[in-house]
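Peer 1: I would like to see how this sequence folds:
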Amino acid sequence: MSNPARSRAGLRRPLAVLSVVTLTSGLVLGFGPSAGASDTAGTAGGSYGGGIQSSQASSTPARAGRPSRPGTASGAGTADPGTSGDVPTGGRVDTGGETGEGDTGGGDTGGGEVNAGGGTAPLSCTTENLDKLARATGGQTFTWGWWSEDQPCLVVHEFTSSGNFTITGRAGFPLQIMVIGAGGGGGGGSGWVDALKASGAIPDSGGGAGGAGGTVRTANVLVDPATGAFTYTSTRDGGDIDGFISTPMPTAATAHPYIKSVRIGSGGIGGTAGTSTEGSTAGGQGGHGGDSAFDELTAPGGGGGFGGRGSNSGSGDVQNGLLALLRAGGQRGGGNADFPGGDLGASPAVLHGGPGGAGASGAGELPLEVDAVNHVGEGGAGGTGINPYAFMWRAPQMGEGGGGGTIDPGSPPFAIVIGGHGGDFPRGGHGGPGGNGEDSSYGSGGGGGGTDGSVTIGDSNAGRGGHGGNGVVFVRYLALSAPETPAAPSVVAGDGSATLTITPLIDTPDDYMLWVAGDPDKNCAITPPETSCVIEGLTNGESYTFLAFAGNAAGESDTSAESVAVTLDSNAGTLPYTGNNSRDLASVALTMIGLGGGFTALARRRRTSTIS
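Peer 2: The predicted structure is shown next:
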């Protein structure tokens, strides 16, 4: 006997009801706000899955203690007041000498005190702090500050010999560079042939011309923080360089030792003195100064001055080919890439005196006549150099032309004369009045050698030209300072932990320290280029805020504002969502209807079977 067919459709309604009840319970249990989480609407900051609720940062951040940075003894700062730091390679202690303005400050390095914001006080701009202030090595290194305390501290590298400039920190900070080519040597004075010497006679000899000062090239330099490429922008304006340096630029996230070569030109050798022997009375020409360079920024050296004319059997040589007068000084002062030396021409109006060499900012001058009867002249002045006072306070003139030499002021029957001075300031070599020309320094030209009226047989009557000064290169930049205060860190809560992220500062520090406000033992460190770290060992259900500061070799920043508050939860990150933690009835109903409909559709897909 067969049983009547039974449809399973009757089972669908109880199953659907049970499914809805079960799913609704799951929604309440799994997605409702967790214990301790706030249901307050409109709270600042994003909401996270698991019931984590953010709150607005406190208007008065906690300052109760800071963690120590890696490698430091305490969080109060990295400076050790009253001690002297190691000077970088090639460094020198500046005691306020001619080229430097360093203030030794009695050993007080500064920076040990703690500001109200928790950071370290600024370091004193002294050579004792060079290990903390310098961003590079190379040459002789010293600090230099303006006359006003509110002006920035600068670090200056002076190269008097070839070497390397090495950026030891993060590239990107602006530089200013001054390159001075070497000065040319002065020409030697000429001699008087023994056979023509006679008491009271006018000597047939003249002084050498002055050597030229080297050219000066200056530039602002920007270093690409990503590639280390140097971009040079000329700043030369007349005789000065702009005394102000750019504001801090973005620096690289990672340190890389970018190295640039520095080449220092050697000064030209002074020309040899003429003799009293027939055929060798002309003074020798001074040597050309060598070029100086910082990487591709090159300053050519100055030319050497011509030697005094001399007799040389009455025929001119190459350097004095246009001169017919045996009593003339050297025809031309040394010239450089920017200016010419003084030129007597083919028929000089003034005798015995040599012209001056060119300077970095002006041409060499002609001799000045002081005896209208015998046409005797003083040596011509050298051309003006460059005054770098705005680049480096109390620095000497550089790149001056050497003065021309002349006859000995005691030689009868002449009035007293003097050798030409070097440039507007006596840095270029003086022309020798009857003796050797003066040697020079800082890229200036040597003075022309002099001559005299001695009638002693075998007396050469002449002096050699002065040697040109070697070139020099200066590099300066803003000293490293404690970092700016970072922004409050952003926070992502986890299960017993928090992930903290900083907004990188423009001038990248060595590290960032982040910690739980009020509990500095719970901390983590970030070393750029990283931007995040995790603090473990926190308690779920507790609300936390976080603080940060940045540090480098020069000190530590003030403490940041507090982060927004977060409450940790064991479910953090399992089902994240953004929005309000509260669930209204409408959202629950829509969820149940949607899920219930899905089960109904599933039930309808199954075929109705007959049970026999």
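Peer 1: Okay, domains of the protein per the record?
Peer 2: Domain assignment for the chain by automatic domain parsing gives 1-32+583-612, 35-77+484-574.
Peer 1: worst average pLDDT in the ones you listed?
Peer 2: For those, mean pLDDT drops lowest on domain 1-32+583-612, to a mean of 38.
Peer 1: would you list every one of the strands in the stretch 201-350 of the chain?
Peer 2: 216-223, 230-234, 236-237, 240-241, 258-263, 292-294, 297-299 (DSSP state E, counting those that start in this stretch).
Peer 1: right, and these - which one's nearest Phe165?
Peer 2: Judged by C-beta to C-beta, the one of the strands of the stretch 201-350 of the chain that comes nearest to Phe165 is strand 258-263, at 4.8 Å. Where C-beta positions appear, they are placed from N, C-alpha and C, glycine not excepted.
Peer 1: now the strands of the stretch 201-350 of the chain in TSV, with mean neighbour count and distance to Gly271?
Peer 2: Below are those laid out as TSV (neighbours: other C-beta atoms under 10 Å; distance: least, C-beta to C-beta, whole Å):
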stretch	mean neighbour count	distance to Gly271
strand 216-223	22	24
strand 230-234	13	33
strand 236-237	14	30
strand 240-241	20	32
strand 258-263	18	25
strand 292-294	27	22
strand 297-299	22	23
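Peer 1: got the residue ranges for the helices in this protein?
Peer 2: Remark: helices assigned in the chain by DSSP state H are 9-31, 130-133, 585-605.
Peer 1: Out of the strands of the stretch 201-350 of the chain, which is closest to Ala134?
Peer 2: Using C-beta to C-beta, the nearest of the strands of the stretch 201-350 of the chain to Ala134 is strand 258-263, at 14.5 Å.
Peer 1: Strands along the stretch 401-550 of the chain, start to end?
Peer 2: Secondary structure of the stretch 401-550 of the chain (DSSP E, counting those that start in this stretch): strands at 472-478, 490-493, 498-501, 511-516, 519-526, 532-535, 543-544, 546-552.
Peer 1: which of those sits most buried?
Peer 2: Neighbour counts (mean count of other C-beta atoms under 10 Å) averaged over each of the strands of the stretch 401-550 of the chain peak at strand 546-552, with a mean of 26.
Peer 1: May I have the strands that pair with that one, each with its orientation?
Peer 2: With DSSP bridges as the test, strand 546-552 is paired with strand 511-516 (antiparallel), strand 555-556 (antiparallel).
Peer 1: Could you check the angle the longest one makes with strand 519-526?
Peer 2: Taking axes from the mean of the first three to the mean of the last three C-alpha atoms, to 10 degrees, one finds that strand 511-516 is oriented at 140 degrees with respect to strand 519-526.
Peer 1: contact partners of strand 511-516?
Peer 2: Outside strand 511-516, the residues that touch it by C-beta atoms under 8 Å, 6 or more residues apart in numbering are 66-70, 75, 486, 489, 500, 502, 521-528, 533, 535, 538, 544-552.
Peer 1: want to throw the strands of the stretch 201-350 of the chain into TSV with mean pLDDT?
Peer 2: Below are the strands of the stretch 201-350 of the chain laid out as TSV (pLDDT from 0 to 100):
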stretch	mean pLDDT
strand 216-223	88
strand 230-234	87
strand 236-237	58
strand 240-241	48
strand 258-263	94
strand 292-294	97
strand 297-299	95
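Peer 1: do you know which of those strands lies nearest Gly210?
Peer 2: strand 216-223 (17.5 Å).
Peer 1: Nearest approach to Leu326 belongs to which of the strands paired with strand 546-552?
Peer 2: Among the strands paired with strand 546-552, strand 555-556 sits nearest to Leu326 (C-beta to C-beta), with 71.0 Å.
Peer 1: ok, back up a step: and the strands paired with strand 546-552: which comes nearest Arg217?
Peer 2: Of the strands paired with strand 546-552, the one closest to Arg217 (C-beta to C-beta) turns out to be strand 555-556, at 35.3 Å.
Peer 1: sorry, back to before: out of the strands paired with strand 546-552, flag the one nearest Pro300.
Peer 2: When these are ranked by proximity to Pro300 (C-beta to C-beta), strand 555-556 comes first, at 42.8 Å.
Peer 1: just to revisit the earlier point, closest to Gly188 out of the strands paired with strand 546-552?
Peer 2: When those are compared (using C-beta to C-beta), the closest one is strand 555-556, at 57.6 Å.
Peer 1: what comes up buried for stretch 334-348?
Peer 2: For stretch 334-348, a neighbour-count test (16 or more other C-beta atoms under 10 Å) marks Gly334, Gly335, Asn336, Ala337, Asp338, Phe339, Pro340, Gly341, Gly342, Asp343, Leu344, Pro348 as buried.
Peer 1: Restricting the selection to alpha carbons, write that stretch to CSV.
Peer 2: This file holds the C-alpha atoms of stretch 334-348, laid out as CSV (Å, rounded to 0.1, in the frame of the first residue of the first chain):
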residue,chain,number,x,y,z
GLY,A,334,99.7,89.5,-15.7
GLY,A,335,96.0,89.1,-16.8
ASN,A,336,93.3,86.7,-15.8
ALA,A,337,90.2,85.3,-17.3
ASP,A,338,88.2,88.4,-16.4
PHE,A,339,90.6,91.4,-16.5
PRO,A,340,93.8,92.5,-18.2
GLY,A,341,97.0,93.6,-16.6
GLY,A,342,98.5,97.0,-17.1
ASP,A,343,100.2,97.5,-20.5
LEU,A,344,103.0,100.0,-21.1
GLY,A,345,102.6,99.9,-24.8
ALA,A,346,105.4,100.2,-27.4
SER,A,347,106.6,103.7,-26.1
PRO,A,348,106.0,104.0,-22.4
